[in-house]
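Trainee: next input, structure requested:
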Amino acid sequence: MSEDDMDPQNASTRAFTGDRSPARAAVDNVLRRSLKISNPYDPAEVAKGLLARYGDEAERIKRERQGLPFSVMQEQPPAAPQANGAGRPEMRRASDTLEAALRELTTSPDLADLQPELSGWASMIRRACTDGFASAAYAIDPGERDRAFGARRSLGEFGRLARYAAAVNACATDIYCRLAQACDLAANVILVAIGDALGQAGITRSGAILQVTAATLESRRNGVVEALRSLLAPNAIDDQNTLPRAQQAVLEIYEALEEVGSPDLRALLDEAYLSRQLDDLIDLAAGSTPDGLRALGTASAVIVQRLERFLSIAEPLVTPQAPPASVFFAELRLFTQGFESSRSGYRLPYLARSPLLVSGVAAGATFDAPTQTLLDLALRRTALADAIDCLCCSCDEHDADELVLAAKVLFDVDRGIDLFGLGTNPLTPGEPELRAAAYGVIIRVTISAEHKVLNAITLDPIIRSLGTISATDPRVDEILNLQIADEKRWGELVSSIAPSCRQDLIFRGFIQNLDGSFPLDRQSPIGRLLLALVMNVPKPRGNSGTLREFVVTQTSEESLAEIADHIRRFPPPPPRQQPPSGPTGTRGGRGGRGGRGGRGGRGERGG
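Mentor: Down below sits the predicted model:
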């Protein structure tokens, strides 16, 4: 490259050769947001952005150049897409199905006395569906993607509650089941729309998916620069009674980087150089264009690795800690956090498109083993949902018990699918995959030969796909703690809309005997499941078991720690034994079958 090519006066190269002031950076950000461009110093990109933003004026100028009148009536633009996300045919179908189910729910004569409560349900479900569809279409933005996942989970929770209500309310089973199916359909379409949006952006395993917005990155960048400026300021002392720790910290960092053979990292203490490094990443992230994100996927790996190497070497060197240096290290680490797990979600386009098409649309896409697992989970989830819907048509009392368990199992499978979709490592299970495996541990306890749907034939393939993890892993305890609190809350909500129906199917806390033990046969279906997990038994029925010790990360009103404490203070009674044959010659004690309620009463005293 010639000297003229790197001329600072050249607008096309000024972004890479000049040191931008805060005012210039602010103007650059305004241009990026207004014109939706990534590089405000590229004339062609700026011109394209201006033509797109001011389309009417551009058309008038074009017609004027051609010698045509520009005051004639122009063709009307097509109607903007509706807020319910009718961009895909599936969205329109899901919206219509959900609206029909909600209309039936709020107008059914059988549920007329619950109309105010159900109207509240309908309002929240409609809002979740609308927000989910709208946010999923812009899933390339991390904030919109988070909102879409939140709406998907909300719809899944409403679907689970509707199945609970279907199990306990015999007069409106079909109505609640149709609502659950509609909520599931809308939630699944949201996940497909997220994958479609990422696929349209060209997301592959080599591309980056930002976890924070470009505006947040810009704010963090300014924080890093301000912290460095405070660290290097001549009067950067803590207060009037302390030594200048900032200057001492800078001296220690300079000397230590030289000693460990990393003098290149000292350039990061230069404000102009560090600002340019951070601005290069923001330039690629600001536009959220497919090419920019794919370039960001490779560029961020090099720059962020250098920043992290500087932090790992320099941060331990400052002893005692200097507040200005600590602030600088914290701000720099916060900035690098925006690029961590930046490939989270690269598997989702395969849920939206055929695997035969993804590699042709997104160059460099690869079909790895976790992606195959995600597709298997999605197919098996669909089959499981179809089988669960058949339980809604049954009037069997035992099927109502299984429907309650099945609603929870289906919700847990959906959470496992979400976690697999957010995984990043194609070779070894990461944190999302391990948490998905923890849901598999919980699902396994529901397997029973007495169940029509929740049996080994149906659930074992799903559990194998979710992965393997120890039942004593802290992740299982954490998820179980949260589920105990959630199920109690949902049970109280369902009880309020079905006050005169089968309350024994609703979980509102664990039932205890007077001696402090937890009888499995008196628990609700969900209570048996959760208590079986706490007691570490393979089946939810027929085994009193003993509690293991827990190290829980989050507690709730009915936490595992409290249950374990009850068992330690009130151990279960000893097993019953048959009395010996012939006359008894033992000393006093409880005879007969043992226990206070046995036939033998107090027993007989010896002769």
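
Trainee: hey, let's count contacts and neighbours off CA atoms from now on
Mentor: Fine.

Trainee: count the neighbours of the closest residue to residue 304 other than its chain neighbours for me.
Mentor: Distance criterion CA to CA, 6 or more residues apart in numbering; nearest residue to residue 304, sequence neighbours excluded, is residue 336 at 6.1 Å. Residue 336: 19 surrounding residues under other CA atoms under 10 Å.

Trainee: what strand or helix carries residue 160?
Mentor: Assigned by DSSP states H and E, residue 160 belongs to helix 142-168.

Trainee: circling back: isn't the residue nearest to residue 304 up against residue 302?
Mentor: No. Applying CA atoms under 8 Å as the test, residue 336 and residue 302 come out as separate, 11.6 Å apart.

Trainee: quick check: next helix or strand after the host helix or strand of residue 486?
Mentor: Using DSSP H and E, the element containing residue 486 is helix 474-497. Following helix 474-497 in sequence order, the next helix or strand is helix 525-534 (DSSP H and E).

Trainee: now do the contacts for the residue nearest to residue 304.
Mentor: For residue 336, the contact set (CA atoms under 8 Å, 6 or more residues apart in numbering) comprises 304, 307-308.

Trainee: closest to residue 127 among these?
Mentor: The nearest member of the contacts of residue 336 to residue 127, counting by CA to CA, is residue 304 at 38.9 Å.

Trainee: measure that closest one to residue 271 for me?
Mentor: Distance of residue 304 to residue 271, computed by CA to CA, to the nearest Å: 17 Å.

Trainee: these two: who's more crowded?
Mentor: Using other CA under 10 Å as the criterion, residue 304 and residue 271 rank with residue 304 on top: 21 against 17.

Trainee: and the next element down the chain from whichever strand or helix holds the more buried one?
Mentor: Assigned by DSSP H and E, residue 304 belongs to helix 290-314. Going down the chain from helix 290-314, the next helix or strand is helix 323-337, by DSSP H and E.

Trainee: now do the buried residues in that next one.
Mentor: Under the neighbour-count criterion of 16 or more other CA atoms under 10 Å, helix 323-337 has 323-336 buried.

Trainee: just how off-centre is it within its chain?
Mentor: 26 Å (CA atoms, centre = their mean, to the nearest Å).

Trainee: C-alpha coordinates for that helix, PDB please?
Mentor: Output of helix 323-337 as PDB, limited to C-alpha atoms (Å, rounded to 0.1, in the frame of the first residue of the first chain):
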ATOM      1  CA  PRO A 323      -8.800   1.900  42.900                       C
ATOM      2  CA  PRO A 324      -8.100   3.500  39.500                       C
ATOM      3  CA  ALA A 325      -6.400   0.300  38.200                       C
ATOM      4  CA  SER A 326      -9.200  -1.900  39.600                       C
ATOM      5  CA  VAL A 327     -11.800   0.300  37.800                       C
ATOM      6  CA  PHE A 328      -9.800   0.100  34.500                       C
ATOM      7  CA  PHE A 329      -9.500  -3.700  34.800                       C
ATOM      8  CA  ALA A 330     -13.300  -4.100  35.600                       C
ATOM      9  CA  GLU A 331     -14.300  -1.900  32.700                       C
ATOM     10  CA  LEU A 332     -12.100  -3.700  30.300                       C
ATOM     11  CA  ARG A 333     -13.400  -7.100  31.400                       C
ATOM     12  CA  LEU A 334     -16.900  -5.800  31.000                       C
ATOM     13  CA  PHE A 335     -16.200  -4.900  27.500                       C
ATOM     14  CA  THR A 336     -14.800  -8.300  26.600                       C
ATOM     15  CA  GLN A 337     -17.800  -9.900  28.100                       C
END
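
Trainee: can you name the next helix or strand after it?
Mentor: Sequence order places helix 349-352 as the next helix or strand after helix 323-337, per DSSP H and E.

Trainee: neighbours of the closest residue to residue 267 other than its chain neighbours, how many?
Mentor: Distances taken as CA to CA, 6+ apart place residue 273 nearest to residue 267, at 6.7 Å, with adjacent residues excluded. Counted with other CA under 10 Å, the neighbours of residue 273 add up to 14.

Trainee: on that earlier part again, could I get the average pLDDT for the helix holding residue 160?
Mentor: Summarised as a single mean, pLDDT over helix 142-168 is 90.

Trainee: do the same with stretch 66-74
Mentor: 57.

Trainee: ok, the residue nearest to residue 331 when sequence neighbours are not counted - how many residues close by?
Mentor: Leaving aside its sequence neighbours, residue 331 sits nearest to residue 224 (CA to CA, 6+ apart; 5.1 Å). Residue 224: 25 surrounding residues under other CA under 10 Å.

Trainee: from residue 218, how far out is residue 224?
Mentor: Computed as CA to CA, the residue 224 to residue 218 distance reads 10 Å.

Trainee: got it, and residue 262?
Mentor: 28 Å.

Trainee: who has more neighbours out of those two?
Mentor: residue 218 (22 against 14).

Trainee: what sits against the more buried one?
Mentor: Residue 218 neighbours (CA under 8 Å, 6+ apart): residue 282.

Trainee: check whether it sits in a helix, strand or coil.
Mentor: helix (DSSP: H, G, I helix; E, B strand; the rest coil).

Trainee: if I look at it, how far off is residue 30?
Mentor: Here residue 218 is placed at a distance of 12 Å from residue 30 (CA to CA).

Trainee: what of residue 164?
Mentor: Per CA to CA, residue 164 is found 51 Å from residue 30.

Trainee: please identify which of these two sits among more neighbours.
Mentor: residue 164 (29 against 13).

Trainee: does the more buried one touch residue 406 like I think?
Mentor: No. Using CA under 8 Å, residue 164 makes no contact with residue 406, being 9.5 Å away.

Trainee: tell me, what's touching the two both at once?
Mentor: With contacts taken as CA under 8 Å, 6+ apart, residue 164 and residue 406 have no neighbour in common.

Trainee: so where is the stretch 351-500 of the chain shaky, pLDDT-wise?
Mentor: Scanning the stretch 351-500 of the chain for pLDDT under 70 picks out 355-366, 395, 498-500.

Trainee: in stretch 495-514, what's buried?
Mentor: Neighbour-count burial for stretch 495-514 flags 495, 497-498, 503, 505-511 (criterion: 16+ other CA under 10 Å).
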